[in-house]
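Undergrad: curious how this folds, go ahead:
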Amino acid sequence: MIGRQQIPEELGRYSLLGVALLYLVVLVALPLLIVFFEAFTRGVVPYIASLLDSYALAAMRLTLLTAAISVPLNLTFGIAAAWAIAKFEFRGKNTLVTLIDVPFAISPVISGLIYVLMFGAQGWFGPWLIAHGIHIIFAVPGIILATTFVTFPFVARELIPLMQTQGNDEEETALSLGASGWQTFRLVTLPNIRWGLLYGVLLCNARAMGEFGAVSVVSGHIRGLTNTLPLHIEIMYSDYNYVGAFAAASILALLALVTLVAKSLLELRQPELRAGVARQA
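TA: As a prediction, the model looks like this:
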């Protein structure tokens with residue numbers, strides 16, 4: 001009887017596992033393989049030539065520049081917000097937590113449109129900015145603003161539950177022993193949150209480099225000037241330059257794979273990060 005009961009249980013277990021693996025293969029592994037297959041469909045030389053194209057190089061530089069500015073900004077905001085929310089009680093705390101989740105709740109296209117309505121030629125501040133020679137929309141500052149907006153919750157959302165779990169005991173002990181606020185943060189708080197901080201920065205950087213919707217609205221699609229790598233891929237594909245499109249896409253795919261590997265290593269190094277992964281999902 002026990003053996004007969006185990007057979008349906010094992011069958012059900014393997015069936016669920018098979019469905020999950022099939023789902024991952026069809027929706028994740030197969031598209032990645034197609035990207036690399038199409039990128040090299042004409043050989044290595046056209047692939048490299050596509051990546052060395054002036055427009056492709058400009059898109060890569062702009063993507064790296066955008067990430068290099070938006071990620072440190074979100075890092076600073078995330079630490080400050082997590083510190084305030086996890087360590088202190090103040091009026092408006094729940095409102096701040098809600099505002100941090102706003103980019104998760106609205107479409108990136110809508111967030112880009114908000115900046116157009118604020119800083120565009122017909123926006124609230126657009127005429128004044130244009131009169132003073134300041135260009136935000138259809139320029140690099142607009143791309144950085146839009147990217148920063150859609151990525152700023154990642155660091156904060158990773159640190160808040162981690163710092164709440166750790167509590168205030170160690171910081172209070174350090175302060176009672178005469179440590180300053182900066183010394184307490186540098187020697188006590190920062191070592192306790194370093195792996196969660198790295199995990200949040202990793203996710204923030206991956207999203208910043210791959211952001212399409214918000215950047216597409218504010219960029220103007222000016223080749224060589226305001227096209228990030230995702231926008232460059234769209235233009236190459238629309239121009240039927242499939243090798244160029246998939247070559248650029250392979251760079252983002254490699255970034256995604258590196259991100260996954262780094263994420264797995266961080267989860268192994270710091271087991272409590274797994275709770276953060278579940279909350280992020």
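Undergrad: in stretch 180-187, what's buried?
TA: Within stretch 180-187, the residues scored as buried using 16 or more other Cβ atoms under 10 Å are Thr184, Phe185. (Glycine included, C-beta is placed from N, CA and C.)
Undergrad: looking at that stretch now, give me its mean pLDDT.
TA: In this model, stretch 180-187 carries a mean pLDDT of 78.
Undergrad: stretch 203-210 too?
TA: 90.
Undergrad: what does that stretch rub up against?
TA: 63-64, 66-67, 70-71, 74-75, 78, 147, 150-152, 154-155, 158, 228-230, 252, 255-256, 259, 263, 280 (Cβ atoms under 8 Å, 6 or more residues apart in numbering).
Undergrad: quick one: distance of that stretch to the chain centre.
TA: Distance of stretch 203-210 from the chain centroid (Cα atoms, centre = their mean, to the nearest Å) equals 3 Å.
Undergrad: which one's the longest helix in the chain?
TA: As assigned by DSSP state H, the longest helix anywhere in the chain is helix 54-87.
Undergrad: let me know the next secondary structure element after that helix.
TA: As assigned by DSSP states H and E, the chain's next helix or strand after helix 54-87 is helix 93-100.
Undergrad: what packs against the next helix-or-strand element following that next one?
TA: Following helix 93-100 in sequence order, the next helix or strand is helix 102-105 (DSSP H and E). Applying 3 or more Cβ pairs under 8 Å, 6 or more residues apart in numbering; DSSP states H and E, we find helix 102-105 packed against helix 140-151, helix 153-166.
Undergrad: just say which of those is most tucked in.
TA: helix 140-151 (a mean of 24; mean count of other Cβ atoms under 10 Å).
Undergrad: okay, now the domains of the protein?
TA: 1-39, 43-277 (automatic domain parsing).
Undergrad: and the contacts of stretch 203-210, which of them are buried?
TA: 63, 66-67, 70-71, 74-75, 78, 147, 150-152, 154-155, 158, 228-230, 252, 255-256, 259, 263.
Undergrad: where does pLDDT dip in this protein?
TA: 1-9, 266-267, 269-281 (pLDDT under 70).
Undergrad: so which residue is smack in the middle of it?
TA: Arg207 (2.3 Å; Cα atoms, centre = their mean).
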